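# Fold the following for me, if possible:
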Amino acid sequence: MLNRVTTPQNLDERFRDAVSALRPPESGRAPGDAIREGGTLTGTRAREIFDAQLTARHLDLAARWLRSFNEGFHITGSAGHEGNAAVAAALRADDPALLHHRSAAFYCVRSAQRPDDVGGDPVRRLEEAARDVLRGVVASVRDPITGGRDKLFGHADLHLVPAISTPGGHLPRAVGLARALTGGGTATWPDDAIVVASFGDAGAARPGASAALHAAGWHERSGRPLPLLLICEDDGPGGAEEDNWTAAALRGRPGLRYSFADGCDLTAAYDAAVEAAEFVRRERRPALLHLSTVHLLGQAGDPESGADLDRDPLIGTARLLVGAGLLGPDDVITRYDEVGWQVRKAAEEVLGEPKLVSVGEVVASLAPRRPLRVAHAVAEVADRAAGPGAAARQRMFGGRLPEEAGPMTLAQTLNATLTDALAATPGLRIFGPGATRGGRHGVTTGLRERGGEDRVFDSLPDPTTILGLALGAGTAGLLPVPELDSLADLHDATVQLRGEAATMSFLSTGAYRNPMVLRVPALAQPFGPGGHLANDNSVAALRDVPGLVVAVPARPEDAAPMLRSCLAAAEVDGTVCVFLEPVALYQTRDLYQQGDSEWLAPYPAPETWAGAHVPIGRARIYGLGTTQDLTIVTYGNGVRMSLRVAAQLAAEGYGSRVVDLRWLNPLPAADLVREASATGRVLIVDETRRSGGVGEGVLAALVDGAFVGSVRRVAAADAPVPLGPAAQLVLVGEDAITQGAQALLAR
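This next block holds a predicted model:
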């Protein structure tokens, strides 16, 4: 008896030996009857599922064959998890599913359920499923979900949303998608669809899974249950026992209906999956199905035990079919070989398919930018607000339009802009901790009364959950505008932003999008409350996320058009935007001297929106004095400080250009180089840290733009922001800006 499996050949030989030893009964069951007493799975259905399981197993073997001569770049890792075919069979073909990386059998069943565009023969559909999976293995551009960029189980036509981040990282999105479906059907899924998400026992311990399980239970206890079915496939130590650690951890989750089944027993897994799916669909409440599985073929060096081999789900299903008299041992082995030949043939076919050959092809689906369409979308919203939607807008604002209210602060401007967005976009959803009470800084005050409780609502404070809700809403076709409490909270959930949100379009070839405008009260305050967590000044985690748009409005005059640009880009291109709002400037009124109110700005009427449009990636330039001596490049809080210093320099006879970047990603490189070259002296005022700060990107843009001149940088110290007056020792202040400017002017 083999105690370890180290090669596909060992697994293949063991299957043949085990099946050959089976003995059929003297009398069998009819194909339409239950294949086992007390179960609901019929013989006919069991044979169909077995074909999918066989296909999945041979996909594992084929992937390793391709890898043996450097033509395969991934494996499916699904051997031992073929029991998830039973879950797929228990669901409807239009139930959106987010699958973990051992889901080949689930994929094959779902592919066999597809419409008749591939032909009515289930065998042909399984052959197409095999080609789909193997295209991912060989990085073919014809891979149906990633286009050769990765190997994932996803397919838009099959309602399979790819799980693209860390183990369990897709579960918050599943929660968000289920919540989006509670308001009724979407353009993609019917009213009674349920969301399904699978994960492994390793993923169960990750932050994403913990947040998702907590959020699902919280929604249940809060009276807004979710149509969500979570499947944990447990191949960890003791996975064959219900009473293991994973079971104990999952069973105790409040608000979730828990059930367990042996995932290596097709009948048990199918019956448990049918029961769980029917419960979720009927009650619209969350459930968790815990399946014990085995891990038979892993990465090189993974240990496998003899006990696991005894639980091979393919042998289990073969034993079931032979024991019911539906197939003989020779029939099983013949079918096994037929499917193996079909999969090997598919592997040979996909070898010759084209692969990505240029950077342009690789990034084509990353983050499409269509600035003219975005500008047109802003103009269309403006025309509706000024024309057909004028009466509704008047009602939304309670009869007093914001353009009639006089000059506004940054916080007031953002509130009015969000109100206009609620009036213009029915799919807009605003949420966050205390969003119905204004959020932490009062920016969303009154929005619930204007937009309604389904469109403006409170969420759990956990940032992973907040981003998960946004990801799910975006997947469902809504436009989420979530808010976090602070910049430090963003770091807790970076994996959701960079691993799920910013990567979805890239790894689904644009089939799925994450339109989102994430609002974050950000950047530090010289006398801010709390210490380094509550008063964070680091945005390094955002700067290297491909495709992410990062906006920083400094003045009320810029805040409204920049927010409208982000909202339009999210709708038009599915853009993921992070909107960093300088906390220190929310209520600022004055610029040069107390009482001048020059930092305020009147709210623009819709008739002016198109003309005042701010394209993504364009800076704003302020000229003081002759503008010929110095260029100050800055953003956020630095804009106000730099304008004050520039005014003092102008009084001394020096002319300055103050460049408000406004966008940290993409940086307005062309504007930056042009304004720097006009003076030949550049002072970079960066309120983030010297190491990993925005200033490094500005310096790189100047070098890339062949700038020739003098450059000096003023930045925050490489230290967390301390509590109290000591914060001024770390952060950038006007004195440091003045000293930097004078040093440059002296050259």
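# tally of neighbours for residue 404?
Using other CB atoms under 10 Å, residue 404 has 10 other residues around it. In this view, the C-beta of every residue, glycine as well, is placed from N, C-alpha and C.
# what does the model give it for pLDDT?
Looking at residue 404, its pLDDT stands at 95.
# Can you give me the separation between it and residue 394?
11 Å (CB to CB, to the nearest Å).
# Buried residues, the strand or helix carrying residue 247. List them.
Under the criterion of DSSP states H and E, residue 247 resides in helix 245-251. Using 16 or more other CB atoms under 10 Å as the test for burial, helix 245-251 gives 246, 247, 249, 250.
# Of all pairs in those residues, which one is the farthest apart?
Farthest pair in the buried residues of helix 245-251 (CB to CB) is 247 and 249. Separation: 7.3 Å.
# Would you mind identifying the next helix or strand past the host helix or strand of residue 466?
Using DSSP H and E, residue 466 sits within helix 463-475. Using DSSP H and E, the helix or strand that follows helix 463-475 in sequence is strand 479-482.
# For that next one, report the contacting residues that lie outside it.
The contact list for strand 479-482, computed with CB atoms under 8 Å, 6 or more residues apart in numbering, reads 418, 421, 425, 427-432, 459, 466-467, 469-470, 473-474, 515-519, 567, 570-571.
# Report all helices and strands that the helix or strand following it contacts.
Next helix or strand after strand 479-482 toward the C-terminus (DSSP H and E): helix 487-492. Contact here means 3 or more CB pairs under 8 Å, 6 or more residues apart in numbering; DSSP states H and E; on that basis helix 487-492 packs against helix 463-475, strand 516-522, helix 540-543.
# Now do the following helix or strand past helix 487-492: everything it contacts.
Helices and strands here follow DSSP H and E; after helix 487-492, the next one along the chain is helix 494. Contact with helix 494 is made by residue 541, as judged by CB under 8 Å, 6+ apart.
# Let's test this: mean pLDDT of helix 494, rounded?
The average pLDDT for helix 494 rounds to 89.
# That one: what's the following helix or strand?
For helix 494, the succeeding helix or strand toward the C-terminus, using DSSP H and E, is helix 502-507.
# Please identify the deepest-packed of the helices and strands packed on helix 487-492.
For the helices and strands packed on helix 487-492, the largest average neighbour count (mean count of other CB atoms under 10 Å) is found in helix 463-475, namely a mean of 28.
# Tell me which strands the longest strand along the chain pairs with, and in which orientation.
If you go by DSSP state E, the chain has its longest strand at strand 681-689. With DSSP bridges as the test, strand 681-689 is paired with strand 630-634 (parallel), strand 710-716 (parallel).
# Which SSE is immediately downstream of it?
Sequence order places helix 694-704 as the next helix or strand after strand 681-689, per DSSP H and E.
# For that next one, buried residues please.
Counting neighbours by 16+ other CB under 10 Å, the buried set in helix 694-704 is 694, 695, 696, 697, 698, 699, 701, 702.
# Would you format these as a markdown table with distance to residue 354 included?
As requested, the buried residues of helix 694-704 are exported to a markdown table (distance: CB to CB, whole Å):
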| residue | distance to residue 354 |
| --- | --- |
| 694 | 40 |
| 695 | 42 |
| 696 | 38 |
| 697 | 35 |
| 698 | 40 |
| 699 | 40 |
| 701 | 35 |
| 702 | 39 |
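# Switch those over to CSV; also include distance to residue 608 and pLDDT.
Listed next are the buried residues of helix 694-704 as CSV, based on distance: CB to CB, whole Å; pLDDT from 0 to 100:
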residue, distance to residue 608, pLDDT
694, 30, 96
695, 34, 96
696, 37, 96
697, 32, 96
698, 31, 97
699, 36, 97
701, 31, 97
702, 34, 97
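# Which pLDDT value belongs to residue 114?
pLDDT, residue 114: 78.
# I'd say residue 730 and residue 716 touch.
Yes. In this structure residue 730 lies within contact range of residue 716 using CB atoms under 8 Å: 5.8 Å.
# Between these two, which has more neighbouring residues?
The neighbour count for residue 730 versus residue 716, taken as other CB under 10 Å, is higher for residue 716 (23 against 20).
# isn't that one right up against residue 539?
No. In this structure residue 716 lies outside contact range of residue 539 using CB under 8 Å: 11.3 Å.
# Show me the common contact partners of those two, please.
Here residue 716 and residue 539 have 688, 693 as joint contacts, going by CB under 8 Å, 6+ apart.
# average pLDDT across the helix holding residue 466?
Mean pLDDT, helix 463-475: 96.
# Off-centre distance for that helix?
7 Å (CA atoms, centre = their mean, to the nearest Å).
# mind checking how far the longest helix anywhere in the chain is from the chain centre?
When the chain is parsed with DSSP state H, its longest helix is helix 43-68. Distance of helix 43-68 from its chain centroid, counting by CA atoms, centre = their mean, is 30 Å.
# which parts of it are buried?
Residues of helix 43-68 classed as buried by neighbour count (16+ other CB under 10 Å): 43, 45-66.
# helix or strand right after the helix or strand of the chain with the lowest mean pLDDT?
Scoring the helices and strands of the chain by mean pLDDT, DSSP states H and E places helix 306-309 at the bottom, with a mean of 60. Using DSSP H and E, the helix or strand that directly follows helix 306-309 along the chain is helix 313-323.
# got the angle between the very next helix or strand once past that next one and helix 313-323?
Sequence order places helix 329-351 as the next helix or strand after helix 313-323, per DSSP H and E. Angle, helix 329-351 to helix 313-323, by axes from the mean of the first three to the mean of the last three CA atoms, to 10 degrees: 140 degrees.
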